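> I would like the atomic coordinates for the input below:
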Amino acid sequence: MNRKIYQRLLIGGTSAAVVGTGYWFKPSAPGHSFAVEVVPKTLSTCTARNRPGFFRCCWHVLRLWWGFLPCLIMGTLYLARLCKLRRVHNSFRNALSRSGPTFIKLAQWMSTRPDLFPPDLCECLAELRSEVPAHSFAYTKKTITQELGVTELTEIFEQFEERPSHSGCVAQVHKAKLLPQFIRPTERQPNRTSSWFNWKTEEEPKPMDGTVAVKVLHPSVQRYIQLDLTVMSWGATIASILPDVRWADPKRMLAQFTDFMLQQVDMRQEAENTESLARGLSRNPRVHIPLTFPGLISQSVLVEEWCEGTMLSDWIKTNPCTEAKKEAARLGLDAFLTMLFSANFVHSDLHPGNIFIHTEKDKEGVDIPSSIKLTLIDAGLVTHLNEDDWKNFNELYCSVIAGDGKTAAKLIIKGMKERQQKQGQVVDESIDHSAFEHAIESVVEDYLHSAVGIQSLHVGQVLGNILSKARVGKVKLDPTFTSLLVAIVVIEAVGRELDPEANIVDSSVPYATSWLRNHPHAVPEVLGALLKKRVAGAQGGR
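All right, here's what the predicted structure looks like:
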């Protein structure tokens, strides 16, 4: 990051904390929401009566200031050329990790936006772990009984483990077993429920034994998020003044991040996402989405199927079978491309910790590749596009994998102008984007035309460079586009970890070709290039 830009950001952050109290104390009419205009109405349900008090906000600002003080000191040392930028990034990541759920999620969100933030910073923030201390079992019991309308856990559960199996920054998970009368999961298509443990779909499914995962939000997490977002709004207001940051529209960025947060703190939304993913992947009997239980879901509680298996990150380390790993990579890539091109509903957080694998072994104890099944969990963060945006994104992706950088650049510029018009913003036609177009064309050609050998084809690198060029050229991408691009980068990395020769470009060609044939008005010049790739791939596989 340029030192001059960093200096302005440092001054802006300091100013935000100083003026924050005054901004908060601004009087408002009775009954008005406490949230500033950048926070969507879905968060603005807190009225003046129950908004966080003045002294509470002051104390919260001071606590945050103290937590970020080491980061500010490191930033000052960097400006004085006494330390490296990497140490500033590490200090910033540590400060975010100590500042509560909103700031941890902010770090995770920032790590997915290399179009807005420096790639080195995004890479550093991606290393942040969200494991936090668990809340008490007494609170878990109180929340479940209150929200599910019972007096004791034994009215619903036959067994309930007091110690959580996992505790994230927003919620924690307990393993439990339902009473027989409550084993009524959501009804799904026959091939979905009949193909989990029995991947021959004509076989009868094994009955559920009622073992479930119970996810419970941490205490006061929503109240802390309201406090944090208010403080962030002060920072967004100050950042909007800085010339080097104004182009990114910090207030709109905060609104996008708020939407991101709201997906994380409503278990009803996660349950809905889970069922949407299951519908999108219902034709693939070897990819499983946990069943949910409609009568046992509330804003703070989610009960879903407990899926046995091995976490993919652990399985990769302990499994020596190359063929099994290749099959797992193929299954994962196919599932993701189905979500992208067919379902238009993509799991946006498919790191190895959110993928479980289930296999059968032969007599020698080696995993049988044909028996591998994947389970995708934690659907709190998903990406769904409206019809026009879905078409625009798939056009862009098809252009990239076809090696047509010129078309890809034009689609990005066209999409940015269309969004500005829809949002009522003035489109500045005087801005010359030719340098950006040439840069994108060069990126695509360098990686897809000059690559030698299958292991050199990293579409993730291409997309990552496109995001970086957009940031440097001050070209604002649709945030949902960015989420999908980052999701592609993540799933490709997982695929390559399983199989170094995994190639999402070749895997994408059949899906992209089929999609373009079903949408004949979408970049027809790209279809010919993809058909050539498909023929070449078929000949190479013989």
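> For the helix or strand that contains residue 146, the averaged confidence score.
Residue 146 is part of helix 137-148 when elements are defined by DSSP states H and E. For helix 137-148, the mean per-residue pLDDT is 96.
> what's the next secondary structure element after that helix?
Using DSSP H and E, the helix or strand that directly follows helix 137-148 along the chain is strand 157-160.
> Show me how far the helix holding residue 146 is from its chain's centre.
Centre-to-centre, helix 137-148 and its host chain are 28 Å apart (CA atoms, centre = their mean, to the nearest Å).
> Ok, stretch 142-149 next?
Centre-to-centre, stretch 142-149 and its host chain are 29 Å apart (CA atoms, centre = their mean).
> who's in contact with that stretch?
The contact list for stretch 142-149 (CB atoms under 8 Å, 6 or more residues apart in numbering) reads 150-153, 156, 214, 216-217, 296, 298-301. C-beta coordinates here come from the backbone N, C-alpha and C atoms, glycine included.
> ok so, going back, could you dump the helix holding residue 146 to CSV, C-alpha only?
Listed next in CSV are the C-alpha coordinates belonging to helix 137-148 (Å, rounded to 0.1, in the frame of the first residue of the first chain):
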residue,chain,number,x,y,z
PHE,A,137,-24.4,-24.4,29.0
ALA,A,138,-26.9,-22.6,31.2
TYR,A,139,-27.3,-19.9,28.5
THR,A,140,-27.6,-22.6,25.8
LYS,A,141,-30.4,-24.3,27.8
LYS,A,142,-32.2,-21.0,28.5
THR,A,143,-32.1,-19.9,24.8
ILE,A,144,-33.4,-23.3,23.5
THR,A,145,-36.2,-23.6,26.0
GLN,A,146,-37.4,-20.0,25.5
GLU,A,147,-37.2,-20.0,21.7
LEU,A,148,-38.6,-23.5,21.1
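> ok, and for that helix, which residues are buried?
139, 140, 143, 144, 145, 147, 148 (16 or more other CB atoms under 10 Å).
> and what of stretch 266-282?
Using 16+ other CB under 10 Å as the test for burial, stretch 266-282 gives 266-267, 269-271, 273-278, 280-282.
> Now do that stretch: everything it contacts.
Counting contacts by CB under 8 Å, 6+ apart, the residues outside stretch 266-282 that touch it are 171, 186, 188-189, 191-192, 215, 217, 262-263, 287, 289-290, 292, 294, 297-302, 304, 335, 338-339, 342-345, 347, 376, 378-380, 382, 384.
> From these, list the buried ones, please.
171, 186, 188, 192, 215, 217, 262-263, 287, 289-290, 292, 297-298, 300-302, 304, 335, 338-339, 343-345, 347, 376, 378-380, 382.
> before we move on, back to that, go through the contacts of stretch 142-149 and name the one nearest residue 55.
For residue 55, the nearest member of these is residue 217. The distance, counting by CB to CB, is 25.7 Å.
> and the gap between the closest residue in space to that closest one that isn't next to it in sequence and residue 367?
For residue 217, the nearest residue in space outside its immediate sequence neighbours is residue 300; the separation is 4.2 Å by CB to CB, 6 or more residues apart in numbering. Taken as CB to CB, to the nearest Å, the spacing of residue 300 relative to residue 367 amounts to 38 Å.
> again, but for residue 484
In this structure, residue 484 lies at 31 Å from residue 367, with CB to CB as the measure.
> Compare these two (neighbour count), which wins?
Neighbour comparison, residue 484 and residue 367: the larger count goes to residue 484, with 24 against 21 (by other CB atoms under 10 Å).
> what's the distance between the more buried one and residue 75?
Going from residue 484 to residue 75 by CB to CB gives 32 Å.
> Need the single longest helix in this protein, by residues.
Selection of the longest helix in the chain by residue count, based on DSSP state H, yields helix 54-79.
> Which elements pack onto that one?
If you count contacts as 3 or more CB pairs under 8 Å, 6 or more residues apart in numbering; DSSP states H and E, helix 54-79 packs onto helix 3-24, helix 85-98, helix 221-239.
> Now stretch 269-287: average pLDDT?
Confidence over stretch 269-287 (mean pLDDT, whole number) is 91.
> oh, and call the first residue 9 from now on, that's how I've got it
Happy to do that; since the first residue is 9 now, the last one works out to stretch 277-295.
> quick one on the thing from earlier: residue 428: which of the buried residues of helix 145-156 is nearest?
Set against residue 428, the nearest of the buried residues of helix 145-156 by CB to CB is residue 155 (42.6 Å).
> Name the nearest residue to that closest one, sequence neighbours excluded.
With CB to CB, 6+ apart, the residue lying closest to residue 155 is residue 306, at 3.9 Å.
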